[in-house]
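**Student:** only geometry, no sequence info:
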C-alpha cells in the first residue's frame, strides 16, 4: 500500500506534509525503511488548535468522531489547514450536509396495522 502511495505522490508533488505520529505508527520495518528512498520530501507539520477544533467538531456532527484516532484527527486538521491556507474555504462544506430519506409510502404489517417504510409484503390472493 505504501509503495502505491509513494508512486502517486511522486507524480503529484515534490513535498508531502504529514504529522510526525503518522510515521511513528509505521511498525513494519520494510515500510519504515522505504521512507528513506522516496522521491519527495516528507515534511512534518502540526495543525493549529483552531484546525483541530474545527475537524473534531465536524467529525462529531457526522458521527465519525468515535472512529477516528487522535493522529487521524490531527492529520485531517493539517489537511484542512493547508487547504485553507492555499486555496481558502469558499468551496468547502463547513457544515456537514445531512441527507435524510423520507419514504414516499408505507405498507401495513400483517393485521396489526403497523406501517413500516421500506418493507414490501406481497398480497395473498
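**Tutor:** Noted; the coordinates are in hand. Every value quoted in this text rests on a predicted model; they were computed, and no experiment measured them.
**Student:** Low-confidence ranges, this protein, go.
**Tutor:** Judged by pLDDT under 70, the chain has its weakly predicted residues at 1-11, 37, 39, 99-125.
**Student:** Pop out the phi and psi values for residue 41.
**Tutor:** The phi/psi pair for residue 41 (degrees, to the nearest 10) reads phi -90, psi 130.
**Student:** wait, I meant residue 43
**Tutor:** phi -110, psi 140.
**Student:** Distance check, the residue lying closest to it once chain neighbours are set aside against residue 41.
**Tutor:** Nearest non-adjacent residue to residue 43, counting by C-beta to C-beta, 6 or more residues apart in numbering: residue 17, 5.2 Å away. Yep, even glycine has a C-beta here, placed from its N, CA and C like the rest. Distance of residue 17 to residue 41, computed by C-beta to C-beta, to the nearest Å: 10 Å.
**Student:** Residue 84 now?
**Tutor:** 22 Å.
**Student:** Between these two, tell me which one has more neighbours.
**Tutor:** residue 84 (15 against 10; other C-beta atoms under 10 Å).
**Student:** Which residues are in contact with that one?
**Tutor:** Contacts for residue 84 (C-beta atoms under 8 Å, 6 or more residues apart in numbering) come out as residue 51.
**Student:** This protein: strands as residue ranges?
**Tutor:** Remark: strands assigned in the chain by DSSP state E are 15-18, 41-44, 107-109, 114-116.
**Student:** buried stuff in the longest helix seen in the chain?
**Tutor:** In the chain, assigned by DSSP state H, the helix with the most residues is helix 70-86. Under the neighbour-count criterion of 16 or more other C-beta atoms under 10 Å, helix 70-86 has 72-81 buried.
**Student:** Return every residue with contacts to both of residue 17 and residue 41.
**Tutor:** Shared contacts of residue 17 and residue 41 (C-beta under 8 Å, 6+ apart): none.
**Student:** just the helices in this protein please.
**Tutor:** With DSSP H as the criterion, the chain has helices at 2-12, 20-24, 29-34, 49-62, 70-86.
**Student:** Compare those and give me the one nearest residue 93.
**Tutor:** Among the helices of the chain, the nearest to residue 93 by C-beta to C-beta is helix 49-62 (9.0 Å).
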